[in-house]
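J.: Got a predicted structure plus its sequence, pasted below:
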Amino acid sequence: MDVKTQSATLTQSDENASGESWGSFAFFLLKLVVVVFLFRTLVFSPFSIPSESMLPRLWNGDYLLAAKWSYGFSGNSLPFDAGLPQGRIFAREPERGDLVIFKHPIDNTDYIKRVIGLPGDTVAILGGQIALNGELVPRRAVGEFDIPISQNTTCAWGGEEAVSGDGTAVCRYSQFEETLPGGRTIPVLDFGLTQGDTFSAATIPEGHMFVMGDNRDNSRDSRFEAMSGDAVGIVSQDSLVGEASIIMWSTDGSAEWLKPWTWFTAARWGRIGTVL
C-alpha cells in the first residue's frame, strides 16, 4: 500500500472513531437525563423554605430533599400530568409528626407543614395547646431558641434581639416541646395568645389531615379556612407531594451571584446534611 492510500485509510478510521465517540457521549447524556428525570420524579425532589413558619426545625433559606415515595404517587406528586386516576397509587397514610409537602388546595403551590391530626381524630386548640381526641398534648418549656439575624432571618414580632455568647446578633424566641401520641416530640415556638390559639373541635374526615406550622403564631395552616396564597384548611392526603427528608443546602441570604466567594460565606454549614 502506498503512502497516499495509507493516509486516506487513517483519515477514514479517525472519522469513524470520532463519530463513535460523539455517539457514545450523546448516548451517555441521554442516559444521564433519563436517570435524573426518574430520580426527580420518583425518588427525591428539591424544595426550598421561603418563610419562618416552620421554625425552629426549618429555617428560611434551607433547601431540602423530599422523598417522593413515602405516601404513594399521584398527579400532585409528579412534575407533569401523567394522566393518573384520582387518588394515589401505592398510597400510605402519613404519621403524626411527619413533615409533609403538599399542594395548596386552591392555588396548587407547594406548602410544608407538620401532620398533627389524622382521619377520625378530633382536633381542637385550647389556649394555644393542642387537644387530640379530648386529651391535651403534653407541652413543656425547654428554654430559648436563638437564630442568627440575617437577610433570610429577621427578628419579627414574637422574638427579641439579643447577642449570643460568641457575639453573634440573634433573634431569641421562647421554645417549647410537644409530645404527640406515640411519644414523638416536636420543638415549637409560641409567642403567647393569638387568633390561632383557639380552634373549635373538628373531626378529620377520611382521607384528610390536620397540619400546623411549628412556629405556631406565624403559620397559616389547618386552623384557618383555605384561601389562595394563604391558609390551607384541612388538607386532602391526595394532595401530598412527599416527606421532607434531609437539608442539602442552607444560606443566610447574603450571597451575591457576581461574587462567588460569598456563596461559601453565606452557607450555614452546620445545617447541611441535617436529617429531618
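T.: Looks like it came in fine.
J.: Tally up the residues packed near residue 141, please.
T.: Residues lying near residue 141 (other C-beta atoms under 10 Å) number 10. No exception for glycine: its C-beta is placed from N, CA and C like everyone else's.
J.: Quick check: which element contains it?
T.: Using DSSP states H and E, residue 141 sits in strand 139-148.
J.: Which positions within stretch 201-209 qualify as buried?
T.: Residues of stretch 201-209 classed as buried by neighbour count (16 or more other C-beta atoms under 10 Å): 204, 208-209.
J.: Show me the contact partners of that stretch.
T.: With C-beta atoms under 8 Å, 6 or more residues apart in numbering as the contact definition, stretch 201-209 has outside contacts at 94, 100, 115-124, 131, 210, 222, 234-238.
J.: ok, now with 10 Å
T.: Outside stretch 201-209, the residues that touch it by C-beta atoms under 10 Å, 6 or more residues apart in numbering are 87-88, 91, 93-94, 96, 98, 100, 102, 113, 115-126, 131, 133-134, 210, 222-223, 233-240.
J.: Pull out the buried residues from those.
T.: Buried members of the contacts of stretch 201-209, counted by 16+ other C-beta under 10 Å: 88, 94, 96, 98, 100, 102, 113, 115-118, 121, 123-125, 131, 210, 222-223, 233-240.
J.: So which of those residues sit within strands?
T.: Counting by DSSP state E, the part of the buried ones among the contacts of stretch 201-209 found in strands is 100, 102, 113, 115-117, 123-125, 131, 210, 235-236, 240.
J.: possible to save those as TSV with pLDDT and distance to residue 150?
T.: Compiled in TSV, these are given as follows (pLDDT from 0 to 100; distance: C-beta to C-beta, whole Å):
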residue	pLDDT	distance to residue 150
100	97	27
102	95	28
113	98	24
115	98	29
116	98	30
117	97	34
123	98	35
124	98	37
125	96	31
131	97	36
210	98	32
235	97	31
236	95	36
240	94	31
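J.: Please identify which pair of those lies farthest apart.
T.: Within these, 131 and 240 form the most distant pair, 24.9 Å apart (C-beta to C-beta).
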